[in-house]
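>>> Coordinates for the following, if possible.
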Amino acid sequence: MLGYCSLKTVLDLYNAVRSKFPAIREKADREHVRQWGEVDSEFAYSWFESLANALNAEMNRQVEFHVHEPLFAYMSHALQTASEEVYRCIDVAFVENLFWQVPSSKCADYWQHLPLSLQELYLNFHHREP
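Numbers count the residues shown, from 1 in each chain. So this is what the prediction gives:
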């Protein structure tokens, strides 16, 4: 499996996340197919928006944060050594789409426990907490 230092491209991140987190991968794939018609590594960047949307659905269903904590920790740690391409993907495709159409009451636990690096990206774009 790819380690953090191997994440030079969005495709590297895509393959790593898909490999390490199969349960949410399946949900993200369903979301991606619904929105884009197919799952293909050619659309890896867009898939991270689908991943955020799958996580938003999990929040709306009140799935506890600890279920997805390893994924958020992985994404936060990946930022530390990410190439510009990977950093922008995590920032724009993933973090900017988190919490979309999730009531504050259902995302509060996620926000509270979200790694600070991801919170900072979110606040830099939205200028407010979800």
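>>> Spit out the contact partners of residue 39.
Counting by CB atoms under 8 Å, 6 or more residues apart in numbering, residue 39 touches 29, 32-33, 47. Glycine gets a C-beta too; all of them are placed from N, C-alpha and C.
>>> Please pick the buried ones from those.
Neighbour-count burial within those applies to 29, 32, 47; the criterion is 16 or more other CB atoms under 10 Å.
>>> ok, back up a step: tell me which of the contacts of residue 39 fall in helices.
29, 32-33, 47 (DSSP state H).
>>> Select, from those, the two members most distant in space.
Spatial extent of these (CB to CB) is set by the pair 33 and 47 at 10.5 Å.
>>> List the contacts of residue 29.
39, 50.
>>> which among the contacts of residue 39 gets closest to residue 10?
The closest of the contacts of residue 39 to residue 10 turns out to be residue 47 (CB to CB; 9.0 Å).
>>> hang on, isn't the closest one packed against residue 28?
Yes: using CB atoms under 8 Å, residue 47 is in contact with residue 28, at 6.5 Å.
>>> sorry, back to before: out of the contacts of residue 39, which one sits closest to residue 12?
Closest approach between the contacts of residue 39 and residue 12, by CB to CB: residue 47, at 13.1 Å.
>>> Grab the nearest non-local neighbour of the closest one.
Spatial nearest neighbour of residue 47, excluding adjacent residues (CB to CB, 6 or more residues apart in numbering): residue 32 at 5.4 Å.
>>> In JSON lines: the buried ones among the contacts of residue 39, plus pLDDT and distance to residue 19.
Formatted as JSON lines, the buried ones among the contacts of residue 39 follow (pLDDT from 0 to 100; distance: CB to CB, whole Å):
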{"residue": "29", "pLDDT": "97", "distance to residue 19": "13"}
{"residue": "32", "pLDDT": "94", "distance to residue 19": "16"}
{"residue": "47", "pLDDT": "97", "distance to residue 19": "13"}
